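*Asks:* Turn this into a structure:
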Amino acid sequence: EVELVESGGGLVQVGGSLRLSCTVSTFNFDDLAIGWFRQAPGKEREGVSCIRSSDGSTYYADSAKGRFTISRDNAKNTVYLQMNNLKPEDTAVYYCATGPLGTVVAGLADYWGQGTQVTVSS
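*Replies:* Residues are numbered from 1 along each chain as shown. As a prediction, the model looks like this:
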């Protein structure tokens, strides 16, 4: 069983920054990807970014481009999401997920964390 644990959420003012961390219990997957998703109250879950373990390829939603950066530390089994210039519309519960690349991109990853709350106050 793969476990994911997110951390780093919190309350921040508009324009501020946060760095989310996602620690995965194992990276023993072929063509593994780890993605960040978010869900705001009353809205559907949406993909934010993902990274491919094999070559570090990254993908970003339009809402994240230019403000968020995803990175990985394979030695620590951890993926980070650096979020800068945060806006009120970034307020959501952020989840990380992992599985084969195609499933993560489609939002159908095999394994999910419990989520961490990010609140951006204006």
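
*Asks:* which residues does residue 93 contact?
*Replies:* Listed by Cβ atoms under 8 Å, 6 or more residues apart in numbering, the contact partners of residue 93 are 38-40, 115-118. For glycine as for every other residue, the C-beta is placed from the backbone atoms N, C-alpha and C.

*Asks:* change it to 6 Å
*Replies:* By Cβ atoms under 6 Å, 6 or more residues apart in numbering, the contact list for residue 93 reads 39, 115, 117.

*Asks:* For the residues you listed, I'd like a selection string for PyMOL - just the buried members, please.
*Replies:* Those of the contacts of residue 93 that count as buried under 16 or more other Cβ atoms under 10 Å are selected in PyMOL with:
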select buried, resi 115
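
*Asks:* Any chance of the contacts of residue 93 in a markdown table with secondary structure, pLDDT and distance to residue 71 as columns?
*Replies:* As requested, those are exported to a markdown table (DSSP: H, G, I helix; E, B strand; the rest coil; pLDDT from 0 to 100; distance: Cβ to Cβ, whole Å):
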| residue | secondary structure | pLDDT | distance to residue 71 |
| --- | --- | --- | --- |
| 39 | strand | 98 | 23 |
| 115 | coil | 97 | 20 |
| 117 | strand | 98 | 22 |
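
*Asks:* can I get the contacts of residue 93 in TSV with distance to residue 4?
*Replies:* Shown next, in TSV, are the contacts of residue 93 (distance: Cβ to Cβ, whole Å):
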residue	distance to residue 4
39	16
115	10
117	16
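
*Asks:* Between the contacts of residue 93, which sits nearest residue 75?
*Replies:* residue 115 (25.0 Å; Cβ to Cβ).
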